[in-house]
Structures are given as structure tokens and as C-alpha cells.
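Asker: here you go, sequence then predicted model.
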Amino acid sequence: AQSVSQHNHHVILSEAASLELGCNYSYGGTVNLFWYVQYPGQHLQLLLKYFSGDPLVKGIKGFEAEFIKSKFSFNLRKPSVQWSDTAEYFCAVKGSQGNLIFGKGTKLSVKP
Amino acid sequence: EAQVTQNPRYLITVTGKKLTVTCSQNMNHEYMSWYRQDPGLGLRQIYYSMNVEVTDKGDVPEGYKVSRKEKRNFPLILESPSPNQTSLYFCASSPRLAGGTETQYFGPGTRLLVL
């Protein structure tokens, strides 16, 4: 069965620090990968997605992610975080039935 | 405005009292789905629907029912709620699944407490 692992449960950074959140998936075939963000008290919003092509994907709010097929990874990065980036981040892979298989999420706390 | 709506947003109920959480989308999406979100477990799929009158179980369907009589609506039914169904529920929709490459759009969530 497909699965997604997010390595960090809670990350605490100061403003302007660089961010990298790890995500590994288990499926070996063609993958559709996503990063969603959930701000406190809000619903999930799509940050970025990878379907094919350039493995470096740019999303909203300065986020990017790199698909590395050989490592089954899709890590999320941002060069300089802001306090407003405090949220929970979910990596997901599209399953065979069209469902999204989510990782358990990483909470990011950015100290001003 | 293109959106997925859920009602109610917050609900407190007691064990065994049937309830329905509604979900509606105005984007003419074929695919709709219900997830529950629990701390430390992320989001897990309950049920999904590929189109009208087509529904299938997700990863955690026990204790839930769904129906898809119209394209825009996908209600989640708890016939006899139990405390372990206390959770945050999200409905999502997506355009047709051809190629399996469509993004899912999420509703605002329904926070359910079963006493």
C-alpha cells in the first residue's frame, strides 16, 4: 500500500531562517505529489503539486519542492520563513483510487 | 466563487444520536471525498465518490455512510455516533479523474464532538 512519511512532527524556527520539511513516499510508479498547508483554524490549501516535468516545483508564498525519484522524496523548502508561515504542512500522494494519501503532518512554529 | 461548503461547522452530540454533515460544491466536480483529521494521524479518507450514485470505502469507513444522489452534494451520515468519531472532518472535491492528475479542493471542516 502507498504511504507517505513526514520526518518531523514539529519544527521551530526563527524568522528569516531557511526551511526544509522532509517527505518520503512509498509508491514506485508514476506519482502525483502535493504539499498542502493548514493555517490555524482553517482548511487545507494547496501549496504546490508535482505531476511531471521539471522536478523543481514552485508554489505559492515562496515555497518550492524538489521531486527526487531515486530517493522517493518530495521535500518542501523556503529560503526565509516568516511568522505568517506558522501552520501545519501536509505532504500527500495521489492513490490509485484518486484519493489523497497524507503524511501525518509537520507543525511549523516561526518565532518572530 | 468556486468553493466547497460544509454544514454544520461545529457540532456537539451524544452517543447514538444520528447526524448528517452536509457537503456541497459548486464547481461541477465529479469526484468527492470525506476525510477525518486526528492529531498525530494526519488525514484519513472515509469514503469517496467518483460520480453520481458511485461511492466507495476509503481507509476508515466503519461507522459512516454516504450518498451521492446529486453531483454537487455528498453528505456524510453517522447512524449511531460514538466518542471515537470525535474528530475534524473535511470534505473535498476534484474534477474528473482521467489521468489521475487533478487537485482536490477542501471545505472548511466540521468539528464534531461526540459525548
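Answerer: Everything's here; your move.

Asker: for the rest of this, base every contact and every neighbour count on C-alpha atoms.
Answerer: Noted.

Asker: and chain B, which of its residues are near chain A?
Answerer: By the criterion of Cα under 8 Å from any Cα of the partner chain, the positions of chain B lying close to chain A are B:33, B:40-45, B:48, B:90, B:97, B:100-101, B:105-109.

Asker: just the helices in chain B please.
Answerer: Listed from the start of the chain, chain B has no helices (DSSP state H) to report.

Asker: can you name the residue of it nearest to chain A?
Answerer: Of all residues in chain B, the one sitting closest to chain A is B:Gly42 (3.8 Å; Cα to the nearest Cα).

Asker: residues in contact with the closest residue in space to that residue that isn't next to it in sequence?
Answerer: Sequence neighbours aside, A:Lys104 is the residue nearest to B:Gly42 in space, at 3.8 Å (criterion: Cα to Cα, 6 or more residues apart in numbering or on different chains). A:Lys104 is in contact with A:Ser5, A:Gln6, A:His9, A:Phe90, B:Gly40, B:Leu41, B:Gly42, B:Leu43, counting by Cα atoms under 8 Å, 6 or more residues apart in numbering or on different chains.

Asker: so where is chain A shaky, pLDDT-wise?
Answerer: Across chain A, residues meeting the criterion (pLDDT under 70) sit at A:28.

Asker: can you list the residues of it near chain B?
Answerer: Within chain A, the positions adjacent to chain B are A:32, A:42-46, A:51, A:90, A:94, A:98-105 by Cα under 8 Å from any Cα.

Asker: now the buried members of those.
Answerer: For those, a neighbour count by 16 or more other Cα atoms under 10 Å in any protein chain shown gives the buried set as A:32, A:43-46, A:51, A:90, A:94, A:98-105.

Asker: the residue nearest to B:Ile77 when sequence neighbours are not counted - how many residues pack around it?
Answerer: Using Cα to Cα, 6+ apart and skipping the chain neighbours, the partner closest in space to B:Ile77 is B:Thr20 (4.5 Å). Residues within reach of B:Thr20, counting by other Cα atoms under 10 Å in any protein chain shown, total 15.
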